[in-house]
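Undergrad: everything below, folded, please.
(one chain, ligands or ions: 2)
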Amino acid sequence: MTPVILAGIENETENFSYTIAELDALATAADLQSTRIFKQKLEHPIAATYLGKGKAEEIKEAALQTESEILVVNDELTPTQIRNLENITGLEVIDRTALILRIFSSRAKTREAKLQVQIAKLNYQLPRLHTNSAEKLDQQTAGGGFTNRGAGEKRRELDRRVIQKKISALNKELKEIAKEHETKQKQRLRSDIKTVALVGYTNAGKSTTLNGLLQLFGQNKTKQVFEKDMLFATLDTSVRKLTFPDNKSLLLSDTVGFVSKLPHQLVKAFRTTLAEAKNADLLLHVVDLSDEHYQAMIETTEQTLKEIGVSEIPMLYVFNKADKLNTKYPVLTGDELTFSAKDPASLQALAALIKTKLFSDYQTQTYLIPYDQGSIVERLNKEANVITTKYLPEGTQITAEVAPVLAQKLAPYQQDAT
Ligand SMILES: Nc1nc2c(ncn2[C@@H]2O[C@H](COP(=O)(O)OP(=O)(O)OP(=O)(O)O)[C@@H](O)[C@H]2O)c(=O)[nH]1
Ligand SMILES: [Mg+2]
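TA: Ligands and ions are numbered 1, 2, ... in the order given. Sure, this is the predicted structure:
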């Protein structure tokens, strides 16, 4: 791991200990090892240099002692701030946005995720051409070729146009992929099966929760998603079907996690992926209860959801990783579940909670189905929660819990309660 120095500004509006601890974790995720952490109390960053000159000189000194060649900064900097800080410290300056972009870049696997990261990176680079930060970011980009050092304004203008062209080409390709998604999503919506979306902070255990539920209730248990103890393990959306023993079924989707100060370039590029939750009937907000900053993480998640236009969808808070704490689990308090995604009893409790929220519009009805209508009996057995079946002279009498749509279709067979 490459040694680096971290620095940030402490003020009233931000929970510094939380964001700087997170910057440290982000650095680790990008293979960078922090050697020293500098903080400066300032109400606002200094326009020209972000940190004060004195602080920057101190950092330069510390960098020599710790053999660090990179300074990682806790905010997104302006091109001028990057350039000036690079000049004063003699270090490569990576701001928080560039750091997150690096991580996303190294994690992206699918074509869609790669395209989105690429677009976000280019949009970040555009105003920052010829700063070290942007060029280093570019070196990770396969085929990027606009790193002409010492070039003049004309050269920069040319580079700018090359990048802009590249962005629109990539956007076009992304749109094609997005269209396919939309078609699939529309099909899902039409099938009137309910959807639940996992949302929450990165590393909270969303993918683990999906995998656990899939083990218990999945039709295809082998369709596990990638879970790992690292930031941004998941960068795209996966949807899996769950069917409970009472035939109630739903689609569960897993997607990208959030982080504080999520770069706007990424939010923009990932807007369709991030907004997967927009069409859900229910959100499961997964929280890592074992993280001391979990409250701040909840706030960040809620704020991010608002920013991407996800609002007014019912949300359940589920507090994960209870096994790491000295606490009882699973425990349901009101609508809030304390659980562990690795514990089957917890997952059963979670399933029960989801069911009470999602299927409250199911109704219990009794039907009398003539013997020549066998397909309806079959359908009830397949799609509804059959409670009793009696064979009467006139036909099969079935009492079952059914979805509203099915209830409507079967209304002609409904028996009045007598
Ligand atoms: N001890 C413990 N570890 C857990 C639990 N749930 C998840 N983890 C671990 O936490 C790490 C992150 O889990 P993921 O499911 O990948 O987290 P995620 O929310 O999908 O993260 P991103 O995809 O990065 O947004 C993994 O190493 C999991 O094994 C739990 O209940 N208990
Ligand atoms: Mg994940």
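Undergrad: for the protein, where's the lowest mean pLDDT among helices and strands?
TA: One helix or strand of the chain scores below all others by mean pLDDT, DSSP states H and E: helix 132-139, with a mean of 61.
Undergrad: can you report how many residues lie near the nearest residue to residue 223 once chain neighbours are set aside?
TA: Nearest residue to residue 223 in three dimensions, chain neighbours excluded: residue 240, at 6.0 Å (C-beta to C-beta, 6 or more residues apart in numbering). Backbone N, C-alpha and C define where each C-beta goes, glycine included. Using other C-beta atoms under 10 Å, residue 240 has 21 other residues around it.
Undergrad: state the mean pLDDT of the host helix or strand of residue 240.
TA: Assigned by DSSP states H and E, residue 240 belongs to strand 238-243. Averaging pLDDT along strand 238-243 yields 92.
Undergrad: do the same with stretch 104-120
TA: Per-residue pLDDT over stretch 104-120 has a mean of 91.
Undergrad: go on, stretch 23-41?
TA: Here stretch 23-41 scores 96 as its mean pLDDT.
Undergrad: could you do stretch 204-222 as well?
TA: For stretch 204-222, mean pLDDT is 91.
Undergrad: and the contacts of that stretch?
TA: Under the criterion C-beta atoms under 8 Å, 6 or more residues apart in numbering, residues 198-200, 223-227, 233-234, 238, 240-244, 252, 254-255, 257, 284, 286-288, 297, 318, 320-321, 341-342, 344, 347-348, 350-351 lie in contact with stretch 204-222.
Undergrad: among those, which ones are buried?
TA: Among these, those scoring as buried are 198-200, 224-225, 227, 233-234, 238, 240, 242, 244, 252, 254-255, 257, 284, 286-288, 297, 318, 320-321, 341, 347, 350-351 (criterion: 16 or more other C-beta atoms under 10 Å).
Undergrad: mind checking which of the residues you listed are in helices?
TA: 297, 347, 350-351 (DSSP state H).
Undergrad: now, which of these sits nearest residue 334?
TA: Ranked by distance to residue 334 (C-beta to C-beta), these are led by residue 350 at 14.7 Å.
Undergrad: surely that closest one touches residue 332?
TA: No. Assessed by C-beta atoms under 8 Å, residue 350 is found out of contact with residue 332, at 9.4 Å.
Undergrad: could I get the ones in helices among the buried ones among the contacts of stretch 204-222 in TSV, plus columns for distance to ligand 2 and pLDDT?
TA: Shown next, in TSV, are these (distance: C-beta to the ion, whole Å; pLDDT from 0 to 100):
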residue	distance to ligand 2	pLDDT
297	15	95
347	16	98
350	17	98
351	19	97
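Undergrad: so which of those residues comes closest to ligand 1?
TA: residue 347 (9.9 Å; C-beta to the nearest ligand atom).
Undergrad: nearest residue to that closest one other than its sequence neighbours?
TA: The spatially closest residue to residue 347, leaving aside those adjacent along the chain, is residue 212, at 4.7 Å (C-beta to C-beta, 6+ apart).
Undergrad: cool, and residue 235?
TA: Nearest non-adjacent residue to residue 235 (C-beta to C-beta, 6+ apart): residue 113, at 4.3 Å.
Undergrad: so the closest residue to residue 91 other than its chain neighbours: helix, strand or coil?
TA: Excluding the flanking residues, the one nearest residue 91 by C-beta to C-beta, 6+ apart is residue 71, at 4.4 Å. Here residue 71 is strand, with the state taken from DSSP: H, G, I helix; E, B strand; the rest coil.
Undergrad: wait, residue 71 sits on residue 88?
TA: No. The criterion here is C-beta under 8 Å, and residue 71 misses it with residue 88 at 10.0 Å.
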